[in-house]
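Engineer: Dropping the sequence and predicted coords here.
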Amino acid sequence: MEQIHHFIGGEQTPSTSGRTGPVFNPATGLQTAQVDLASVEEVDAAVASAAAAFPGWRATSVAGRVKLMFKFRELVDRNAAELARTISAEHGKTEADASGEVARGLENIEYACGIAETLAGRFTEQASTGIDVYDIRQPLGVCAGITPFNFPAMVPLWMLPNAVAAGNTFILKPSEKDPSASQMIVELFHEAGFPPGVLNLVHGDKVAVDRLLNHPDIKAVSFVGSTPVARHVHETANANGKRVQALAGAKNHMVVLPDADVDLAADAAVSAAFGSAGERCMAISVVAAVGDIADPLVEAIRARTEVLKIGPGNDPTSEMGPLITREHRDRVAGYIGAGESEGAEIVVDGRRNEFDGDGFFLGATVLDRVTPSMSVYRDEIFGPVLVIVRVDSYRQAVDLIADNKWGNGAAIFTRDGGAARQFQFDVDAGMVGINVPIPVPVANFSFGGWGDSLFGDTHMYGPEGLRFFTKGKVVTSRWPDPATSTVNLGFPTN
């Protein structure tokens, strides 16, 4: 059985902790590997490696950093298909979904390749007589990224390219559930020629996370995961004087107005709810059907959901794969039963799907006539369960979103430009889609929600991500009066 090790100081580093975690193929239910789980001492070794590499890396020219980042980008692009297969084999998502994940990660490497422009400061000549003022942004030092299972390639690439291009060194702690994609990324990074210690990889569980949050040499922590863990990361890292950005859970709403194209809205709802088996923080979890569109919309969603092809991610005909673990599959199935007992109407029951083998499969589920008091509405299920709430008006739909504790993303489907413009003004969410169900920003913008979807002040990647991994410095400069210079500058003399 494959053993997945740490990567410290430019080398594969077997663990000495004596602890390992299982890695499964969710489509078969079979264990395929064991991953090392780091001890405190192993995290310390990674931090020491990053700290030792920082002075030299910070002194490396921007041009030199960019040259290596371009090489890294080309290697990831060249190996994109293999990376997608690796993601699919350990996460379960279809290879088409995984390929899309790699493509979005590549966008962020490309943004980091433009660091010479994005890192440039401002300059004011003659701000006062004989005085120039300019600002610069400088790296923080050793930074860490703690990333989730649902995007094992994309989320690390939200963090490390900007951090490293800006002159920091970095420690990546990926999910122990599907670690091989992150392992492959780190190997490609070093193949590109980055110096040892600039990027280190430690696998682990809470022991590793807590040591990263408490280690005095780590200056910033970037995190994506569940709301309870995000709150813990934010509070602990802040208490230890670190910068922290912690992206958390979501319950994303899609408002469908009576004038919307029913087929377009139904296609969007199904793909956004059930892609990647609903295991993504930008998945549509709630459709708010306004007025008379509810009945035809529910019927259109039902028809599409019932014919959804569910199977292994490496089957090109599969439209949805399994969930990440057996325990999570069973937890999601429990919510379907809870929704039914609380009075929701089951339109499509994914528990009735039958699958060969022992994979972690669950069919796509649609629940209608859900109310905000039900657990299927209140909780982040993080699985293939779409709930439909019927409301009478646009205002009720907007208030529904505002009353929810999360504010990651929200979408509206309508043919009315005025209604769409009003929605982007009104809605309490950090990312908004207009006839777009999953409004993940492109790499030159930044990703982040509101409310309990974000702990910390800065969003991820793009301009805000770059600011997170740098600190500002303002320089006020004055030189001797040119008329008194020892160099002949052509000024008249007495």
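Structural biologist: Sure, I can see it. Note that the structure is a prediction, hence the values are computed from the model and not measured.
Engineer: wait, what's in contact with G241?
Structural biologist: Going by Cβ atoms under 8 Å, 6 or more residues apart in numbering, G241 touches no other residue. For the C-beta atoms, the positions are set from N, CA and C on the backbone; glycine is no exception.
Engineer: Ok, N168 next?
Structural biologist: By Cβ under 8 Å, 6+ apart, the neighbours of N168 are 54, 57-58, 139-143, 219-220, 469.
Engineer: Please verify my assumption that R211 contacts V43.
Structural biologist: Yes. With contacts counted by Cβ atoms under 8 Å, R211 reaches V43, the gap being 4.2 Å.
Engineer: Could I get the full set of helices for the stretch 51-200 of the chain?
Structural biologist: Assigned by DSSP state H, counting those that start in this stretch, the stretch 51-200 of the chain shows helices spanning 62-78, 80-91, 95-113, 115-118, 154-165, 180-191.
Engineer: Could you single out the most deeply buried of those?
Structural biologist: Ranked by mean neighbour count, the helices of the stretch 51-200 of the chain are led by helix 154-165 with a mean of 28 (mean count of other Cβ atoms under 10 Å).
Engineer: Specify the angle between that helix and helix 180-191 in degrees.
Structural biologist: Counting by axes from the mean of the first three to the mean of the last three Cα atoms, to 10 degrees, helix 154-165 lies at 20 degrees to helix 180-191.
Engineer: what's helix 154-165 packed up against?
Structural biologist: With contacts taken as 3 or more Cβ pairs under 8 Å, 6 or more residues apart in numbering; DSSP states H and E, helix 154-165 sits against helix 62-78, helix 95-113, strand 142-146, strand 169-173, helix 180-191, strand 218-224, helix 462-468.
Engineer: helices or strands up against the first one?
Structural biologist: The one in question is helix 62-78. helix 95-113, helix 115-118, helix 154-165, helix 180-191.
Engineer: 10 Å - rerun?
Structural biologist: On a contact count with 3 or more Cβ pairs under 10 Å, 6 or more residues apart in numbering; DSSP states H and E, helix 62-78 meets helix 40-59, helix 95-113, helix 115-118, helix 154-165, helix 180-191.
Engineer: I'd like to know which of those is closest to T147.
Structural biologist: helix 154-165 (4.4 Å; Cβ to Cβ).
Engineer: what separates the residue minimising distance to the centre of the chain from G465, distance-wise?
Structural biologist: Nearest to the mean C-alpha position of the chain, counting by Cα atoms, centre = their mean, stands V155 at 4.2 Å. Shown here: V155 relative to G465, a distance of 12 Å by Cβ to Cβ, to the nearest Å.
Engineer: which neighbours do those two share?
Structural biologist: 108, 222, 447 (Cβ atoms under 10 Å, 6 or more residues apart in numbering).
Engineer: Which of R211 and V43 has more residues huddled nearby?
Structural biologist: Set R211 next to V43 and count neighbours by other Cβ atoms under 10 Å: V43 wins out with 27 against 23.
Engineer: ok, M184 - contacts?
Structural biologist: Here M184 is in contact with 76, 79, 82-83, 86-87, 152-153 (Cβ under 10 Å, 6+ apart).
Engineer: Dump those residues to a markdown table, plus pLDDT.
Structural biologist: Putting those into a markdown table (pLDDT from 0 to 100) gives the following:
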| residue | pLDDT |
| --- | --- |
| V76 | 98 |
| N79 | 98 |
| E82 | 98 |
| L83 | 98 |
| T86 | 98 |
| I87 | 98 |
| P152 | 98 |
| A153 | 98 |
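Engineer: any chance of the helices and strands packed on helix 62-78 in a markdown table, with mean pLDDT too?
Structural biologist: Compiled in a markdown table, the helices and strands packed on helix 62-78 are given as follows (pLDDT from 0 to 100):
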| stretch | mean pLDDT |
| --- | --- |
| helix 40-59 | 98 |
| helix 95-113 | 98 |
| helix 115-118 | 94 |
| helix 154-165 | 98 |
| helix 180-191 | 98 |
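Engineer: Okay, and S271 sits in which element?
Structural biologist: helix 262-274 (DSSP states H and E).
Engineer: remind me which residues of this structure are low pLDDT?
Structural biologist: Of all residues in the chain, those with pLDDT under 70 make up the ranges 491-494.
Engineer: can you list the domains in it?
Structural biologist: 2-248+453-476, 252-434 (automatic domain parsing).
Engineer: so A289 sits right up against E299, yeah?
Structural biologist: No. At 11.2 Å, A289 does not count as touching E299 under the criterion of Cβ atoms under 10 Å.
Engineer: quick one: which of these two has more around it?
Structural biologist: A289 (27 against 13).
Engineer: Spit out the contact partners of that one.
Structural biologist: So A289 contacts 254-258, 260, 265, 269, 295-298, 301, 368, 388-391, 397 (Cβ under 10 Å, 6+ apart).
Engineer: Could you dump the helices and strands packed on helix 154-165 into CSV with distance to R243 added?
Structural biologist: Formatted as CSV, those follow (distance: least, Cβ to Cβ, whole Å):
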stretch, distance to R243
helix 62-78, 21
helix 95-113, 18
strand 142-146, 8
strand 169-173, 14
helix 180-191, 22
strand 218-224, 4
helix 462-468, 7
